[in-house]
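K.L.:
please find the sequence and the predicted model below.
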Amino acid sequence: MMAGYVTQVNDVEPVTEPGDTVSTRTTIDRSVGAERLVQRVLTFSTGVSRARQSNGRDEVAYVVSGMGTLVLDGEPHDLYPDVGVYIRSGETYEVQNPSSEALVMVSVTAPPPDELDDHLTRKVVVRVADQPVIPAGKDREFRFVINPDAGCQEVTQFVGWIPPGRAPTHYHLYDEVMYILDGEGVLHLEGRPDTAISTGTCIHLPPPVEHCVENTGDRPLRVLGVFHPAGSAAEAYEREANGQ
């Protein structure tokens, strides 16, 4: 397994299929060492996209900018900034963008569960502003967006706020991709040189690679994270001094 990966969304060439309104930048996938998660940045221009399916995978997406409508199996759902979206494997949807402004979403797909848990309440869209704030270490906080509370069994999507400064280096037991929504800093990643990060940086953090996102700015750095399997974004581990 590769020791993580970092790229900038604008460094990835967009692909647009004939007759479609969406251009796709595949920023993280198996080719860079991500075995379970695929991250794409989708930019929808004016009009109605072609029907889309995630090809046997669950999809969670997050609206970065723009407004429009997601039509999922015939049912409309409003899209606007800071809304998470959950689409199950096998479902079909299209995106309607009535504006001249592009609608940008960060999409992550992952393996679906073997069986659906009928006891979970399904939500197609979740507003970040409606979610409770959860502390994660000193001065850090996050909000779950799409997770089992929205009926998504295998994946957790969250938005986190990192204050200026650096937290301890740590690792996770889950596979994670991140997208920097706002701010600037430095990624400290085991096995790689320190890398400057800013809005639009895409990161893959496989387990159990040690890492730390340092905020070098003067305001909170806002990150979008998605990890598999589902769990808590506050679940982090530090190695002991003897390396155990």
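P.N.:
Received the coordinates, thanks. Residues are numbered from 1 along each chain as shown.
K.L.:
could I get the buried residue list for stretch 98-112?
P.N.:
102-112 (16 or more other C-beta atoms under 10 Å). For every residue, glycine as well, the C-beta is placed using N, CA and C.
K.L.:
which of these sits closest to residue 213?
P.N.:
residue 106 (16.6 Å; C-beta to C-beta).
K.L.:
that closest one contacts residue 38, doesn't it?
P.N.:
No - with contact defined as C-beta atoms under 8 Å, residue 106 does not count as touching residue 38 (11.6 Å).
K.L.:
got JSON lines for the buried residues of stretch 98-112, with secondary structure too?
P.N.:
Converted to JSON lines, the buried residues of stretch 98-112 look like this (DSSP: H, G, I helix; E, B strand; the rest coil):
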{"residue": "102", "secondary structure": "coil"}
{"residue": "103", "secondary structure": "strand"}
{"residue": "104", "secondary structure": "strand"}
{"residue": "105", "secondary structure": "strand"}
{"residue": "106", "secondary structure": "strand"}
{"residue": "107", "secondary structure": "strand"}
{"residue": "108", "secondary structure": "strand"}
{"residue": "109", "secondary structure": "strand"}
{"residue": "110", "secondary structure": "strand"}
{"residue": "111", "secondary structure": "coil"}
{"residue": "112", "secondary structure": "coil"}
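K.L.:
in TSV: those, plus distance to residue 153 and pLDDT.
P.N.:
Supplementary listing: the buried residues of stretch 98-112 in TSV, determined by distance: C-beta to C-beta, whole Å; pLDDT from 0 to 100:
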residue	distance to residue 153	pLDDT
102	32	98
103	27	98
104	27	98
105	22	98
106	21	98
107	18	98
108	15	98
109	14	97
110	10	97
111	11	95
112	8	94
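K.L.:
does residue 3 touch residue 191 like I think?
P.N.:
Yes - with contact defined as C-beta under 8 Å, residue 3 reaches residue 191; the gap is 3.4 Å.
K.L.:
what touches both of those two?
P.N.:
Common contact partners of residue 3 and residue 191 (C-beta atoms under 8 Å, 6 or more residues apart in numbering): residue 209.
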